[in-house]
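In: sequence plus predicted model, see below.
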Amino acid sequence: MNAAQLPALQIVIPLLAAPVCVALRQPRVAWLTAVVATWSSLAVAVVLLQHVLATGEAVSYHLGGHAPPHGIELRVDALNAFVLLIVTGISAVVVSASRKSLSEELSEKQHYLYFAATLLCMTGLLGMTVTADAFNVFVFLEISSLSAYSLISMGRSRRALTAAYQYLVMGTLGGTFILLGIGLLYMATGSLNMADLAVRLQGMEANRTVQTALAFLVLGASIKLALFPLHVWLPNAYAFAPAMVTALLAATATKVAFYVLVRFLFGVFGTDFAFDAMHLDRVLMPLALAAMFSASIVAVFQRDLRRMLAFSSVAQIGYMVLGLSFASELGLAGGIVHLFNHAVVKSSLFLVMAAVAIGVGSTQIEDLRGIGRRMPWCMGAFVVGGLSLIGVPLTVGFVSKWILVRAALEAGLWPVAVLILLSSLLAVVYVWRVVEVAWFEAPAEDAPQVRRPPAGVVCAAWTLAAAALVFGVFTDATAGVALRAARMLMEVSS
Amino acid sequence: MTRHVILRALAKLLIPCIMLFALYVQFHGDYGPGGGFQAGVIFAASIILYALIFGLDEARRAFPPRAVELGVAAGVLLYGGTGVASMLSGANFLDYTALAHDPVHGQHYGILLVELGVGITVTAVMVTLFYQFAGRRRVE
């Protein structure tokens, strides 16, 4: 085995660790298996990213030794190597922290199922990211979605079941649309390999089948990534799932769906088709702006912190799609950096929520009076995450919003740049509401004693919050890689 | 179900035949129509028929839920393990040519093992689904 085998390992490690968890069954052993699997996946992702950046070429892997376009190809370039790193990194941190916190919400008997489902979900997400085969995207999408539904339904309250069911209906719709789109593409071109599709699709702008395929694919991916009017499944799913599941899914599932949209628009259809001929930007940009404002406003009025963060997620997804809709190198880079920013920050914030839920027994905002002084570490991480969500300098949120504003100005759309800044003010409002209650109000007289949250959860939240700070200062690792990935995509698609 | 002599007698006669047919579909899958998924469903159908005629408790005694759950895991492990074995012998994941000295034999072994993995997991998942639904107490 050598470095060339790494793309397959990215899928194989979590795929095989999942049945091992089921077979061994002991909660502790299952957790250890999951920890080893996620950290080794992270190591593989790091090596892959380094390799891709050093050589500047994509790593291609022929599954089963069958050469593309007929065989299934795995292909890792700067863009998906970066996404792989995010997914494996977040999974490694969250899974490591989840043992103690999970015992609060799930009986020990079910732990092995949780870890198996988490690993399968990871398999699906990594598979979607790593594959260069359009149909494979759908297969892995279903693997990740089905395990995500079951993970969400493990929530303590009975409403988790309806939330999971709602997600199941919406997610199945999204998956079916994607499948229809891929089917139509196959009908029109006779190929499923993405690079091959891109070649064959050239000059087919007027083909109705291909146009319909584009419509189905964009719609399906938009449901899965919770673009504004199609986001209704997200707040309940995030609010009622076990805290650790939310921390994981919020950072990975929608991000990979966004990656899939980017890959199809830029890597398969190309900007000429998607933006110049079909004018997708005229649909995506207003929806992205609507998401940024409406979801932020709704977030301001939420009483439950987890729901507030969930709506904030919808708003942040708006920024990513906005970056994509500029169809420029800078805009795309902004979207990708924002993907990183949001993954790291939202995961950290949801981990804080997990700790607060254990410490206080509630995530309602009125129960958190004066909690900052009693759980300083926890709420400290919340402040850092909140700052990055707003986009304060020295956090990675600033880097992504800065690039997005520059992209808007470059495209001559200064009103959009103003709107980006205005919607950031809304983020100030909803983050400040929490900070004010937590740090500046005195605890209620009859407030119950605070339990110490598990140290692992607080450590994990701080690890991710620290990542938001570090990469906000050393921007080469995020903005640099994102710019390279964006440049590569624009070269492919032009 | 103690009274339904004909049903019980027929089931006892049919179940071994169904199982044998499942194995035929499983291992003949690389020459004719069939394969792991179909075989798994047929095999599971025989177990479900047993449970329908002789009761859930009898079926659980014959095929303990814990063993069935192990089957779910074992099938996937067999499938993935075959892929890893081909990786360890220097080829790509699921490239069976490296599994034996002769590439044709390698392909043969590979697909046989992978399909067996599929068959085991499908059987186990079908039976698990049946146990889960049949085991739910009725809401009064």
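Out: Okay, I see it. Numbers count the residues shown, from 1 in each chain, chains lettered A, B, ... in the order given.
In: list the buried residues of the helix ranked longest in chain B.
Out: The longest helix of chain B (DSSP state H) is helix B:103-135. Neighbour counts using 16 or more other CB atoms under 10 Å in any protein chain shown place B:106-107, B:110-128, B:130-131 of helix B:103-135 among the buried residues. Where you see a C-beta, it was placed from the backbone N, CA and C, and this is true even at glycine.
In: ok, now stretch A:443-456?
Out: In stretch A:443-456, the ones that count as buried by 16+ other CB under 10 Å are A:443, A:450, A:453-454, A:456.
In: and the furthest pair within those residues?
Out: Maximum pairwise distance in the buried residues of stretch A:443-456, criterion CB to CB, is 25.5 Å, between A:P443 and A:G456.
In: my guess is A:L265 contacts A:L332. True?
Out: No. Using CB atoms under 8 Å, A:L265 is not in contact with A:L332, being 9.7 Å away.
In: joint contacts of these two?
Out: Each of A:L324 lies in contact with both A:L265 and A:L332 under the rule CB atoms under 8 Å, 6 or more residues apart in numbering or on different chains.
In: got the contact list for B:D95?
Out: So B:D95 contacts A:64-65, B:86 (CB under 8 Å, 6+ apart).
In: which among these end up buried?
Out: A:64, B:86.
In: I'd like the contacts of B:D95 as JSON lines, with distance to A:C378, secondary structure and pLDDT appended.
Out: Shown next, in JSON lines, are those (distance: CB to CB, whole Å; DSSP: H, G, I helix; E, B strand; the rest coil; pLDDT from 0 to 100):
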{"residue": "A:G64", "distance to A:C378": "48", "secondary structure": "helix", "pLDDT": "85"}
{"residue": "A:G65", "distance to A:C378": "51", "secondary structure": "helix", "pLDDT": "84"}
{"residue": "B:S86", "distance to A:C378": "48", "secondary structure": "helix", "pLDDT": "89"}
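In: now the contacts of B:D95 in JSON lines, with distance to B:D57?
Out: Output for the contacts of B:D95, formatted as JSON lines (distance: CB to CB, whole Å):
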{"residue": "A:G64", "distance to B:D57": "44"}
{"residue": "A:G65", "distance to B:D57": "49"}
{"residue": "B:S86", "distance to B:D57": "43"}
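In: ok, so of the contacts of B:D95, who is nearest A:L322?
Out: A:G64 (40.0 Å).
In: in three-state terms, label the closest residue to that closest one other than its chain neighbours for me.
Out: Nearest non-adjacent residue to A:G64, counting by CB to CB, 6 or more residues apart in numbering or on different chains: B:L94, 4.3 Å away. Using DSSP: H, G, I helix; E, B strand; the rest coil, the structure places B:L94 in coil.
In: need phi/psi at B:L94.
Out: phi 60, psi 20 (degrees, to the nearest 10).
In: which phi and psi values does A:D133 adopt?
Out: Here A:D133 shows phi and psi, under degrees, to the nearest 10, equal to phi -110, psi 130.
In: give the contact list for it.
Out: A:68, A:72-73, A:192-194.
In: in a markdown table: these, plus distance to chain B, pLDDT and neighbour count.
Out: Putting those into a markdown table (distance: CB to the nearest CB, whole Å; pLDDT from 0 to 100; neighbours: other CB atoms under 10 Å in any protein chain shown) gives the following:
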| residue | distance to chain B | pLDDT | neighbour count |
| --- | --- | --- | --- |
| A:P68 | 12 | 85 | 21 |
| A:I72 | 9 | 92 | 20 |
| A:E73 | 11 | 92 | 24 |
| A:L192 | 17 | 93 | 21 |
| A:N193 | 16 | 93 | 24 |
| A:M194 | 19 | 93 | 23 |
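In: these in strands, which ones?
Out: A:E73 (DSSP state E).
In: neighbours of the residue of the stretch 101-250 of chain A at minimum distance from chain B, how many?
Out: Distances between the stretch 101-250 of chain A and chain B by CB to the nearest CB are smallest at A:A116, namely 8.3 Å. Each residue near A:A116 was counted by other CB atoms under 10 Å in any protein chain shown, and the total is 26.
In: surely it meets A:P19?
Out: Yes. Shown here, A:A116 and A:P19 form a contact pair, counting by CB under 8 Å, at 7.3 Å.
In: B:V84 reaches A:V12, doesn't it?
Out: Yes. When contacts are counted by CB under 8 Å, B:V84 is listed as touching A:V12 (6.5 Å).
In: and chain A, which residues reach chain B?
Out: Proximity of chain A to chain B, by CB under 8 Å from any CB of the partner chain, involves residues A:1, A:5, A:8, A:12, A:15-16, A:18-20, A:22-23, A:61-65.
In: which among those residues count as buried?
Out: A:5, A:8, A:12, A:15-16, A:18-20, A:22-23, A:61-64.
In: write out the residues of chain B neighbouring chain A.
Out: B:69-70, B:72-74, B:76-77, B:80-81, B:83-84, B:87-88, B:90-97.
In: in helices only, show me those residues.
Out: Using DSSP H, the residues of chain B next to chain A in helices are B:69-70, B:72-74, B:76-77, B:80-81, B:83-84, B:87-88.
In: list just the nearest of those residues to A:G220.
Out: B:V76 (27.2 Å).
In: mind listing what the closest one touches?
Out: Per CB under 8 Å, 6+ apart, neighbours of B:V76: A:15-16, A:18-19, B:117, B:121.
In: of those residues, which pair is most distant in space?
Out: Top of the distance list for the contacts of B:V76 (CB to CB): A:A18 and B:G117, 13.9 Å.
In: low-confidence ranges, the stretch 351-494 of chain A, go.
Out: Residue ranges of the stretch 351-494 of chain A with pLDDT under 70: A:494.
In: what ranges do the helices span in it?
Out: For the stretch 351-494 of chain A, the helices defined by DSSP state H, counting those that start in this stretch occupy A:371-374, A:376-390, A:396-410, A:414-435, A:455-473, A:481-493.
In: what sits against the residue of chain A most remote from its centre?
Out: The outermost residue of chain A, judged against the average C-alpha position, is A:E445 (40.1 Å), by CA atoms, centre = their mean. Contact analysis of A:E445 by CB under 8 Å, 6+ apart lists nothing.
In: quick check on it: phi, psi?
Out: phi -60, psi -50.
In: could you do the one 4 residues further on as well?
Out: Here is the backbone geometry of A:Q449 (degrees, to the nearest 10): phi -60, psi 140.
In: equivalent analysis for A:R303, please.
Out: Dihedral angles (degrees, to the nearest 10) for A:R303: phi -90, psi -30.
In: any idea which residue is closest to the centre of chain A?
Out: Central residue of chain A (CA atoms, centre = their mean): A:K255, at 2.7 Å.
In: report all helices and strands that the one helix or strand it maps to contacts.
Out: In this structure, A:K255 sits in helix A:243-262 according to DSSP states H and E. On a contact count with 3 or more CB pairs under 8 Å, 6 or more residues apart in numbering or on different chains; DSSP states H and E, helix A:243-262 meets helix A:78-105, helix A:111-130, helix A:134-153, helix A:208-224, helix A:233-240, helix A:305-325, helix A:329-360.
In: circling back to that earlier point, looking at the buried residues of stretch A:443-456, spot the one nearest chain B.
Out: Proximity of those to chain B (CB to the nearest CB) peaks at A:G456, which lies at 26.9 Å.
In: I figured that closest one hits A:S96, correct?
Out: Yes. Using CB under 8 Å, A:G456 is in contact with A:S96, at 6.8 Å.
In: against A:A243, how distant is the nearest residue to A:R452 once chain neighbours are set aside?
Out: With sequence-adjacent residues excluded and distances taken as CB to CB, 6+ apart, A:R452 is closest to A:G359, at 7.1 Å. Look at A:G359 and A:A243: by CB to CB, to the nearest Å, they are 12 Å apart.
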